[in-house]
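Colleague: fold the following and give me the result.
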Amino acid sequence: MQAERAPLVLVVEDEDTLRESCVSVLTHEGYDVVSCARGDEARDLLQRGVFDIVLLDLHIPHVSGRDLLRLCLEIRPETLVIVMTGNASLESSMEVLKAGAWDYLAKPFTATHLQILLGRAWHTVQAARQARAAREAEGLSAPDTTGQSDGIALLGKSPAFQRVIKLAERVAATDASVFITGESGSGKEVIAQFIHQRSRRARKQMVAVNCAALPETLLESEMFGHVKGAFTGAVRDKPGLLETANGGTFFLDELTEMSPTIQAKLLRVIQDGQVRRVGAEMVEATVDVRFIAATNRNPKQAVEEGVLRKDLFFRLSVVPIRVPPLRERREDIPLLAEHFLALYWKRHRDKRSPVPTLSKEAIRSLQDRPWSGNVRELQNVMEHAVVLLEPGAEVQPDDLPYLDDDFDALSSGYSGEALKISVPIEAEYHQAREQVITEFELSYFNRLVDRANANMSEAARLAGVDRTTLYRLMEKHGLQRNTVIKAS
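Modeller: Residues are numbered from 1 along each chain as shown. Sure thing, here's the model as predicted:
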């Protein structure tokens, strides 16, 4: 343990054997430890000295552990309190966390569990001090709220989004687990990256796993690793992504899609850091990982439906962060749109040519959209617009290819009413089939070309085909480039 001084820990436990065991383990780890068995003694010690970490039993004589927790938070807010309890029901554990405890230890616990938890707590204390020292050296009285750090830019001036940034900055200096909720495309993973890059773990990896993208068996093997012979194809031992993330951050995207079996196994890692690979009979590794989870569902509803384990949810949601949808931060839309416009212009067009600008009408049009896909949808719209814009142009509403409009316009061509297809029932099957295909192709092509203003490159993009396909379609039906098609 590398530090300028040894961390100072207060152990408050009335059971002699457990107290002495904790003192022995922590002293061996390099901590300076003070211990006591009574609540009134602990109160006096807290009032006289500054401890980095307090290991506190809830049920002690003379002054209750809850009263000591409140006292410590009042007079020593920088001190981290870890509560020990022998009655570790989910409700009581969550109660002490909500009351301000940094974490809790359920009795009985192992020496390894104690070492890992105290190590995380001490790193959190150090990180918070370093962050405060850096801000003081720069003359800042509060964390920077621009939302920019180490290549991760969180663009937004709206009060709703500024609250998210400030909370992310505050939690980044700790090792607390974070549960991010928000609609698809709202930026949950960007918030997770922002937290990681401002944390003490920034020099290590942030490993992300999409729990909805992999089947259960593959997800388990990817996360926890496997031993040789665990299943067909396991020709060698393979460490999992949890081991890869050791010292860093582990991001669980779409957590509510994880199976209950893997949730139970993950909970064990969160509690004591011990990883058992698939097929292994013993623990293969001990990891020190900071967990960030995310979902686009309501996690409390997922708990009520039995989709998400209640104990896992509370373990991961020490600090909940809700990312607002774009419709709740409309004042941020111009800033985001201009950012994406410049970004994709440099990526797809001549970097030396002037970047187009948004007209007031285009901004108003953007702000009036529902944006069901949120920031990701806005990003896609601006990228599509860049392909067709002229250098230095002033972007008008008609220049913005809204994807939901494209979908509605094109998909409407598939309805029987829009196509006005009428095939006599007496017609032979193959003849009827050819007639339906012809009428569909003519109607679809007509709507497509009209939507693209006769621009064949744009028509091909909207249809998701290359221009050669459209030219073949024209040739098949004897159409000319300037022909206006009307299906009968």
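
Colleague: got a list of contacts for the helix or strand hosting residue 45?
Modeller: Secondary structure here is read from DSSP states H and E; on that basis residue 45 sits in helix 39-48. For helix 39-48, the surrounding residues in contact (C-beta atoms under 8 Å, 6 or more residues apart in numbering) are 10, 12, 34, 36, 51, 54, 56, 60-65, 67-68, 71-72, 75-76. C-beta coordinates here come from the backbone N, C-alpha and C atoms, glycine included.

Colleague: can you list the low-confidence ranges for this protein?
Modeller: With pLDDT under 70 as the threshold, the chain has low-confidence stretches at 1-4, 87-95, 97-98, 127-128, 130-153, 403-433, 464, 466, 468, 480-488.

Colleague: how does it look with 50?
Modeller: Counting by pLDDT under 50, the chain has low-confidence residues at 1-3, 138-152, 406-419, 483-488.

Colleague: in the helix holding residue 45, what's buried?
Modeller: Under the neighbour-count criterion of 16 or more other C-beta atoms under 10 Å, helix 39-48 has 39, 41-43, 45-46 buried.

Colleague: just send these back as TSV, with distance to residue 316 too.
Modeller: Formatted as TSV, the entries for those read as follows, by distance: C-beta to C-beta, whole Å:
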residue	distance to residue 316
39	32
41	35
42	30
43	33
45	33
46	30
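
Colleague: related to what we said a few turns ago, in strands, which of the contacts of helix 39-48 appear?
Modeller: In strands, defined here by DSSP state E, the members of the contacts of helix 39-48 are 10, 12, 34, 36, 54, 56.

Colleague: now do the contacts for the fourth one.
Modeller: Yep, that's residue 36 we're talking about. When contacts are counted by C-beta under 8 Å, 6+ apart, residue 36 touches 10-12, 42, 45.

Colleague: burial count for the residue nearest to residue 277 when sequence neighbours are not counted?
Modeller: Nearest in space to residue 277, with sequence neighbours left out and distances taken as C-beta to C-beta, 6 or more residues apart in numbering, is residue 225 at 4.1 Å. When neighbours are counted by other C-beta atoms under 10 Å, residue 225 registers 25.

Colleague: what's the spacing between residue 225 and residue 402?
Modeller: For residue 225, the distance to residue 402 (C-beta to C-beta, to the nearest Å) stands at 45 Å.

Colleague: ditto for residue 189
Modeller: Residue 189 sits 24 Å away from residue 402, going by C-beta to C-beta.

Colleague: and these two? Which one has more around it.
Modeller: Neighbour comparison, residue 189 and residue 402: the larger count goes to residue 402, with 19 against 16 (by other C-beta under 10 Å).

Colleague: now do the SS call for the residue nearest to that one when sequence neighbours are not counted.
Modeller: Residue nearest to residue 402 in three dimensions, not counting chain neighbours: residue 381, with 6.2 Å by C-beta to C-beta, 6+ apart. Per DSSP: H, G, I helix; E, B strand; the rest coil, the secondary structure class of residue 381 is helix.

Colleague: next, count neighbours for residue 381.
Modeller: Each residue near residue 381 was counted by other C-beta under 10 Å, and the total is 21.

Colleague: where do the helices sit along the stretch 101-250 of the chain?
Modeller: Using DSSP state H, counting those that start in this stretch, the helices assigned to the stretch 101-250 of the chain run over residues 111-137, 159-172, 188-197, 216-224, 241-244.

Colleague: report all helices and strands that the last one contacts.
Modeller: With contacts defined as 3 or more C-beta pairs under 8 Å, 6 or more residues apart in numbering; DSSP states H and E, helix 241-244 has these neighbours: strand 206-210, helix 216-224, strand 225-226.

Colleague: right, and the ones you listed - which one's nearest residue 264?
Modeller: helix 216-224 (11.1 Å; C-beta to C-beta).

Colleague: show me which residues of that closest one are buried.
Modeller: Of the residues in helix 216-224, those scored as buried under the neighbour-count criterion (16+ other C-beta under 10 Å) are 219-224.

Colleague: so residue 113 touches residue 268, yeah?
Modeller: No. In terms of C-beta atoms under 8 Å, residue 113 does not count as a neighbour of residue 268; the distance is 10.6 Å.

Colleague: of those two, who's got more company?
Modeller: residue 113 (17 against 13).

Colleague: pull up the gap between that one and residue 15, please.
Modeller: For residue 113, the distance to residue 15 equals 17 Å [C-beta to C-beta].

Colleague: what sits against residue 185?
Modeller: Shown here is residue 185, whose contacts under the criterion C-beta under 8 Å, 6+ apart are 373-377.

Colleague: not counting sequence-adjacent ones, nearest residue to it?
Modeller: Of all residues not flanking residue 185 in the chain, residue 376 sits nearest, at 3.3 Å (C-beta to C-beta, 6+ apart).

Colleague: tell me the secondary structure at residue 82.
Modeller: Following three-state DSSP, residue 82 is assigned to strand.

Colleague: correct me if wrong: residue 68 contacts residue 57.
Modeller: No. In this structure, residue 68 is not within contact of residue 57 by C-beta under 8 Å, at 9.4 Å.

Colleague: shared neighbours, those two?
Modeller: The overlap between the contact sets of residue 68 and residue 57 (C-beta under 8 Å, 6+ apart) consists of residue 12.

Colleague: and for residue 343, the neighbour number?
Modeller: 15.

Colleague: and for residue 11?
Modeller: When neighbours are counted by other C-beta under 10 Å, residue 11 comes out with 26.
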